[in-house]
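J.: Give me the fold of what follows.
(one chain, ligands or ions: 1)
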Amino acid sequence: MTASGLEGVVATTSSISSIIDDTLTYVGYNIDDLTVHASFEEVIYLLWHLELPTKEQLQELKQQLADHMELPPEIIESMKKYPLDKVHPMTVLRTAVSSLGAFDDEADVMNEEANYRKAIRLQAKMPAIVAAFARIRKGLEPVAPRKDLGFAANFMYMIKGEEPADIEVEAMNKALILHADHELNASTFTARVCVATLSDIYSGITAAIGALKGPLHGGANEQVMKMLTEIGSVDKVESYVKDKLEKKEKIMGFGHRVYRKGDPRAKHLKEMSKKLTELTGEPEWYNISVKVEETFTSEKPLPPNVDFYSASVYHSLGFDHDIFTPIFAVSRTSGWLAHIFEQYANNRLIRPRAEYTGPSMRSYIPMDERK
Ligand code: SDX
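T.: The predicted structure is shown next:
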């Protein structure tokens, strides 16, 4: 083990997603194919059942998610009591998920059927929590989900209060698929360690949200947008990036613990970011991003990761910048739940050892002899 983490150590087996030679697959399906052909609901089904759904199975899942998307009034009322101008939406999401557990009669019921029902309720309510808070802090009432909209469209509808354009739904659907699962990343490992004690699903997802919040993990996409805004124009990129590197500061959105040649998700988000400039008429965020990538990678062989281009995609879709990581969490909940099911099934505590580097054995020193 090195100081920066458990590089290369295998903590568990898993059949959900794999990263081999910089290729990412969900249960054997390449995300390049899934991003082009699938809906996010198909991917949720695939991650939870380890098979693509039939038409009937997909329809049933879509119906279940739509039926459980609306938030209980007590959750909405509690959100209105937070310090709206100060609290971060990831803090709200973490707290609301924990509160949902308090209101769920079967929160601590540990059997496959109950856990699946809880997974449906949690997955369905994640976008509703993010959307409701995004509106409440602007003094707007939450918008109830519509039964006739799919997951991606409903998420945007609940935030904006109007039906999104097809290109916006396409972008959100792709982004949700690309962020859904990623082997044993920090937040997924957090969820697994938590439920490996046989703790409940709400505890596992709450813990995972806490881990994803950090800027070295899911919080990076918000930091990328902060950087793009600080840079402001393409002609300022070179001096900004070189100054950061000279100060040994990290450029958010680049590097990855596992990928070496490149994060396969980045190309899809880069393409979507370019396509969305046609919708927004604001090419500068994409152009600045491309210039940052060119400048940074010419200095350091660290390609962009999933967070880099997702920033300009989410900005183009009109989301507040501190909502970017909650969007990541909405998608990754599908992966976290898949890993939680798998962890419950293999039912073993995860308890790694530490390499002790402290003082060797020594005798107790009475208080009056201490210096
Ligand atoms: C996600 O694990 C997952 O799967 C996560 C994720 C998922 O889908 O769940 O892919 C999502 O979290 C993506 C990563 C988002 N985070 C960021 O973009 C933050 C910026 N990136 C870095 O903090 C870093 O690259 C990490 C945390 C992503 C990976 O760090 P590592 O593998 O521990 O590498 P390191 O920090 O030990 O760095 C190795 C070297 C160092 O240089 P030296 O000290 O050896 O000279 O590379 C440098 C680092 O300084 N480096 C960077 C850098 N990332 C690494 N230098 C500048 N900018 C960067 N972004």
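J.: Quick one: name whatever helix or strand follows the lengthiest helix in the chain.
T.: For the chain, the helix reaching the highest residue count under DSSP state H is reported as helix 112-136. Beyond helix 112-136 on the C-terminal side, the first helix or strand identified by DSSP states H and E is helix 151-160.
J.: For the stretch 151-300 of the chain, which residues are neighbours of the ligand?
T.: The stretch 151-300 of the chain comes close to the ligand at residues 182, 185, 216-218, 220, 250-257, 300, as judged by Cβ under 6 Å from any ligand atom. All C-beta spots, glycine's among them, are computed from the backbone N, C-alpha and C.
J.: Just the buried ones out of the residues you listed, please.
T.: Those of those that meet the buried threshold are His182, Asn185, His217, Gly218, Ala220, Ile251, Met252, Gly253, Phe254, Gly255, His256, by 16 or more other Cβ atoms under 10 Å.
J.: Flag the shaky bits of this protein, pLDDT-wise.
T.: Per-residue confidence for the chain (pLDDT under 70) gives these ranges: 1-8.
J.: any idea how far the residue positioned nearest the centre of it lies from Thr297?
T.: In the chain, the residue lying closest to the centroid (Cα atoms, centre = their mean) is Phe328, at 2.9 Å. Here the criterion is Cβ to Cβ, to the nearest Å. By it, Phe328 lies 23 Å from Thr297.
J.: How about Tyr356?
T.: For Tyr356, the distance to Thr297 under the criterion Cβ to Cβ works out to 39 Å.
J.: what's the answer for Gly253, then?
T.: Plainly put, Gly253 is 12 Å away from Thr297 if you go by Cβ to Cβ.
J.: One more: Tyr240?
T.: Distance from Tyr240 to Thr297, by Cβ to Cβ: 15 Å.
J.: more crowded one of these two?
T.: Neighbour totals were compared for Tyr240 and Thr297, and Tyr240 leads with 19 against 14 (other Cβ atoms under 10 Å).
J.: how near is the closest residue in space to that one that isn't next to it in sequence to Asn221?
T.: Residue nearest to Tyr240 in three dimensions, not counting chain neighbours: Ile231, with 4.9 Å by Cβ to Cβ, 6 or more residues apart in numbering. In this structure, Ile231 lies at 16 Å from Asn221, with Cβ to Cβ as the measure.
J.: Name the residue in these two with the higher neighbour count.
T.: Neighbour tally, Ile231 and Asn221, criterion other Cβ under 10 Å: the higher count belongs to Asn221, 30 against 21.
J.: My guess is the more buried one contacts Thr325. True?
T.: Yes - in this structure, Asn221 is within contact of Thr325 by Cβ atoms under 8 Å, at 6.1 Å.
J.: Could you pull up phi and psi at Ile340?
T.: Listed backbone geometry of Ile340 is phi -60, psi -40, with angles given as degrees, to the nearest 10.
J.: for Val27, what are its contacts?
T.: Ser15, Ile16, Ser17, Leu46, Leu47, Leu50, Glu51 (Cβ atoms under 8 Å, 6 or more residues apart in numbering).
J.: my bad, Ala107
T.: Neighbours of Ala107 in contact, by Cβ under 8 Å, 6+ apart: Gly101, Lys118, Asp200, Ile201, Tyr202.
J.: now Ile31
T.: Contact analysis of Ile31 by Cβ under 8 Å, 6+ apart lists Leu24, Thr25, Ile177, Leu178, Pro264, Arg265, His268.
J.: Out of these, which is nearest to the ligand?
T.: Distance from the ligand was checked for each of the contacts of Ile31 by Cβ to the nearest ligand atom. The minimum falls on Arg265, at 7.5 Å.
J.: on that earlier part again, joint contacts of Gly253 and Thr297?
T.: Each of Pro304 lies in contact with both Gly253 and Thr297 under the rule Cβ under 8 Å, 6+ apart.
J.: the strands in the protein, which residues?
T.: Assignment of strands within the chain using DSSP state E yields the ranges 17-20, 23-26, 29-30.
J.: Tell me which of the ones you listed sits most buried.
T.: The highest average neighbour count among the strands of the chain, using mean count of other Cβ atoms under 10 Å, belongs to strand 23-26 at a mean of 20.
J.: Now do it: which elements does it pack against?
T.: In this structure, strand 23-26 makes packing contacts with strand 17-20, helix 31-37, helix 40-49, helix 264-280, judged by 3 or more Cβ pairs under 8 Å, 6 or more residues apart in numbering; DSSP states H and E.
J.: how far does the last one sit from the chain's center?
T.: Looking back up the chat, that one is helix 264-280. Remark: helix 264-280 is offset 18 Å from the chain centroid, using Cα atoms, centre = their mean, to the nearest Å.
J.: Check stretch 283-300 too.
T.: Here the centre of mass of C-alpha atoms in stretch 283-300, compared against the chain's by Cα atoms, centre = their mean, lies 23 Å away.
J.: Mind exporting the C-alpha coordinates of that stretch to CSV?
T.: Once non-C-alpha atoms are left out, stretch 283-300 reads as follows in CSV (Å, rounded to 0.1, in the frame of the first residue of the first chain):
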residue,chain,number,x,y,z
PRO,A,283,-19.3,28.0,-28.0
GLU,A,284,-16.9,29.6,-25.6
TRP,A,285,-17.2,27.1,-22.8
TYR,A,286,-16.5,24.2,-25.2
ASN,A,287,-13.7,26.1,-26.9
ILE,A,288,-12.0,27.0,-23.5
SER,A,289,-12.3,23.4,-22.5
VAL,A,290,-10.6,22.1,-25.6
LYS,A,291,-7.8,24.7,-25.2
VAL,A,292,-7.3,23.6,-21.6
GLU,A,293,-7.1,20.0,-22.7
GLU,A,294,-4.6,20.8,-25.4
THR,A,295,-2.5,22.9,-23.1
PHE,A,296,-2.6,20.6,-20.0
THR,A,297,-1.9,17.4,-21.9
SER,A,298,1.0,19.0,-23.7
GLU,A,299,2.6,19.5,-20.3
LYS,A,300,1.4,16.4,-18.4
